[in-house]
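Chemist: what follows is a predicted structure for the sequence shown.
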Amino acid sequence: MRIAVAATPDVAIPTLNALLASEHELVSVITRADAPAGRGRELQASPVAQWAKTQNLLTYKPESASLISELVKDLDLVITIGYGFILPESILQVPRHGFINLHFSLLPRWRGAAPAQRAIESGDSVTGVTVFKLDKGMDTGPIYATEEIALSPDANSGELLLTLAELGVGPVLQTLDLIMAGTEPKVQSEVGATRAEKLSKEEGHIDWNRDAIAIQRKVNAFNPNPGAWSQFRGQNLKINKVRMTDQPLAPGAIQATKKSVFVGTSTTAVELIEVKPSGKSTLAASAWANGARITSTDVLN
């Protein structure tokens, strides 16, 4: 088949590599326009655009979804992976076999923008990937293939997304075989459907009056982006990693030893492992605490 991939983040790259090595023809890549990035806010190509350049692949960066129709009219199929545009139904019908999507959850659970993150935040014990045919709804289309894995309680969203990116290769290739064989996808159930709303920076603010398990899940879900954070002496402190303990401590209270830093919750304290003070580099929590000279009256809030 003649295929294009519409994608933006680096989680699409394992599938792109697999398509290059397959019997199918990867005709082009469609990705988001260059965007400001880094402290200098210089324009930077998306990870997928950078990958396509190394492969000398035809790359399009349409400014709106309406411009895509002309780009896909001679194709058999388009695969979307975290592309970033909601595509009108009229465009979905242009390629011979339409559009399919590699989604990082076991649909219908966690439809939406942040499925891996919400699975971690909710403490799901299993997750996976789903390949489905795009329709006019939000991740509601009929399903071709799924793959399930256990979800470690210690995984953060960055690690999980990399795992799911690799896991998705098999179901995508399986779906291409099913399409070529004329197999129709199965209607997606509405039973157990949940919505995975995009994470915001404000939502990453840690409430130390919650229990330790909920706080650890939030830290993991929001790492690396947009980050879980708290305030220390009036400045934001990004918290990248914590560990559960059985030590009692008042919510928000900080207890620092030479090698460890503990913060109280509504249940037991969590140990801070890695933090990033405002305007500074990431460092071990113990190094941060030593430099900050934590006192008995310090709190996180």
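Modeler: Yep, it's here. Numbering: from 1, shown residues only.

Chemist: got the contact list for A4?
Modeler: The contact partners of A4, taken as C-beta atoms under 8 Å, 6 or more residues apart in numbering, are L26, V27, S28, V29, I30, L71, V72, L75, L77, V78, I79, P95. Backbone N, C-alpha and C define where each C-beta goes, glycine included.

Chemist: what do you get if the cut-off is 6 Å, keeping everything else the same?
Modeler: With contacts taken as C-beta atoms under 6 Å, 6 or more residues apart in numbering, A4 has the following neighbours: V27, S28, I30, V72, L75, V78.

Chemist: and it, what element?
Modeler: A4 is part of strand 2-7 when elements are defined by DSSP states H and E.

Chemist: mind giving me the packing neighbours of the following helix or strand past that strand?
Modeler: On the C-terminal side of strand 2-7, the closest following helix or strand by DSSP H and E is helix 13-20. When contacts are defined as 3 or more C-beta pairs under 6 Å, 6 or more residues apart in numbering; DSSP states H and E, helix 13-20 sits against helix 169-180.

Chemist: tell me which residues of the helix it packs on are tucked away?
Modeler: For helix 169-180, a neighbour-count test (16 or more other C-beta atoms under 10 Å) marks V169, P171, V172, L173, T175, L176, L178, I179 as buried.

Chemist: and those, which is closest to G279?
Modeler: Distance to G279 across the buried residues of helix 169-180 (C-beta to C-beta) is lowest for V169, with 39.3 Å.

Chemist: okay, the closest one and T194: tell me how far apart.
Modeler: 25 Å (C-beta to C-beta, to the nearest Å).

Chemist: identify the bridge partners of V263.
Modeler: Note on V263: beta-bridge partners by DSSP bridges are I254, V270.

Chemist: run through the chain and note the low-pLDDT ranges.
Modeler: Segments of the chain classed as low confidence (criterion: pLDDT under 70) are not present in this model.

Chemist: F99 and A49: what is the separation?
Modeler: Between F99 and A49 the computed distance is 20 Å (C-beta to C-beta).

Chemist: and G123, by the same measure?
Modeler: As for G123, its distance to A49 is 36 Å (criterion: C-beta to C-beta).

Chemist: more crowded one of those two?
Modeler: A49 (21 against 14; other C-beta atoms under 10 Å).

Chemist: didn't the more buried one look like it was pressed against T31?
Modeler: Yes - between A49 and T31 a contact is recorded at 4.8 Å, counting by C-beta atoms under 6 Å.

Chemist: let me know the closest of the contacts of A4 to G252.
Modeler: Proximity of these to G252 (C-beta to C-beta) peaks at I30, which lies at 46.9 Å.

Chemist: for the closest one, which non-adjacent residue is spatially closest?
Modeler: Once its chain neighbours are removed from consideration, I30 has its nearest residue in A6; the separation is 4.1 Å (C-beta to C-beta, 6 or more residues apart in numbering).

Chemist: which ones are touching the one you found?
Modeler: Contacts of A6 were listed using C-beta under 6 Å, 6+ apart, and they are I30, V78, T80, Y83.

Chemist: pretty sure the third one contacts I100?
Modeler: So the one you mean is T80. No - in this structure, T80 sits apart from I100 without contact. The criterion is C-beta under 6 Å, and the distance is 7.4 Å.

Chemist: so for the two, which sits in the more crowded spot?
Modeler: Regarding T80 and I100, a neighbour count based on other C-beta under 10 Å identifies I100 as having more, with 25 against 22.

Chemist: which element is the more buried one on?
Modeler: Under DSSP H and E, the secondary-structure element containing I100 is strand 99-103.

Chemist: counting contacts, what elements does that strand pack onto?
Modeler: Using 3+ C-beta pairs under 6 Å, 6+ apart as the contact criterion, the secondary-structure elements in contact with strand 99-103 are strand 77-81, strand 126-133.

Chemist: which other helices and strands contact the longest one?
Modeler: In other words, strand 126-133. When contacts are defined as 3+ C-beta pairs under 6 Å, 6+ apart, strand 126-133 packs onto strand 99-103, strand 143-150, helix 169-180.

Chemist: turn those into TSV, including distance to Q231.
Modeler: Putting the helices and strands packed on strand 126-133 into TSV (distance: least, C-beta to C-beta, whole Å) gives the following:
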stretch	distance to Q231
strand 99-103	35
strand 143-150	35
helix 169-180	42
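
Chemist: which of these sits closest to L237?
Modeler: Taking C-beta to C-beta, strand 143-150 is the member of those nearest to L237, at 31.7 Å.
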